[in-house]
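Asks: Quick one, structure for this:
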Amino acid sequence: MAGTFITTTFRVPGNAGVAQNLFTLENITGSPVVVTLRRLVMMMDTTAVLTAVMPQFKCSRFVGAATGGTAMTKGQFDSVAASNAAVTARGGASADGTAAAITATPGVALWQQFGMRMHTVVGQVISGECDMLPALVADSGLASFKLAANESLVVHVVAAAGTSNPATNHYIVNAVWEEA
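Replies: Numbering: from 1, shown residues only. Below you'll find the model as predicted:
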């Protein structure tokens, strides 16, 4: 049954490496539905001084499905709608603050954002949402970002150095999509 669905990842810790997949949304081969993304945002909690280049976040489309990670619960806006089993959302943590690496090969970057960086850690810094797809995707249907069968997307952090993605950073990705 067609419907609108929502998910959020657990809190994903940084890996102190130069690249890390945080989230995938997959529409596997043979899927009878088309997935239309309506909102895709990432939030970052920075807890360490970062004097290296700030982390860069990218959203990429890729062919096929990922492995690893944790299948996330898909919530529905309409309680009678059911998400198709061919659609899987994966997070890079199995519970808040635990790592569960996602293996996916990002394709061409579709959208990218810088995160944030704190040169000193004094007081509290409130992180805003980073749109991982253009704002038009969420805006009145002016633009649609679709995943056909055998297409997926990945949100990943790319760091200029391992110190750009410290293990003390934490990330959350939220997604809203329609299946029809």
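Asks: Count the neighbours of Asn150 for me.
Replies: 16 (other CB atoms under 10 Å). Yep, even glycine has a C-beta here, placed from its N, CA and C like the rest.
Asks: list the contacts for the residue nearest to Thr9 when sequence neighbours are not counted?
Replies: The spatially closest residue to Thr9, leaving aside those adjacent along the chain, is Gly91, at 3.3 Å (CB to CB, 6 or more residues apart in numbering). Gly91 is in contact with 9-10, 12, 22-23, 69-70, 72, 100, 102, 173, counting by CB atoms under 8 Å, 6 or more residues apart in numbering.
Asks: In PyMOL, select just the buried ones from those residues.
Replies: To isolate the buried ones among these in PyMOL, judged by 16 or more other CB atoms under 10 Å, type:
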select buried, resi 9+10+12+22+23+69+70+72+100+102+173
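Asks: Kindly list the main-chain dihedrals of the residue nearest to Thr9?
Replies: Per-residue torsions, Gly91: phi -110, psi 160 (degrees, to the nearest 10).
Asks: how near is the residue with the largest distance to the centre of the chain to Ala167?
Replies: Note on the chain: the largest C-alpha distance from the chain mean falls to Val122, namely 28.6 Å (CA atoms, centre = their mean). Counting by CB to CB, to the nearest Å, the separation of Val122 from Ala167 is 21 Å.
Asks: what do you get for Arg39?
Replies: Arg39 sits 28 Å away from Ala167, going by CB to CB.
Asks: So for these two, which sits in the more crowded spot?
Replies: Arg39 (17 against 14).
Asks: How about the more buried one: which residues does it bridge to?
Replies: Val176 (DSSP bridges).
Asks: right, and it touches Val176 too?
Replies: Yes. Applying CB atoms under 8 Å as the test, Arg39 and Val176 come out as touching, 4.1 Å apart.
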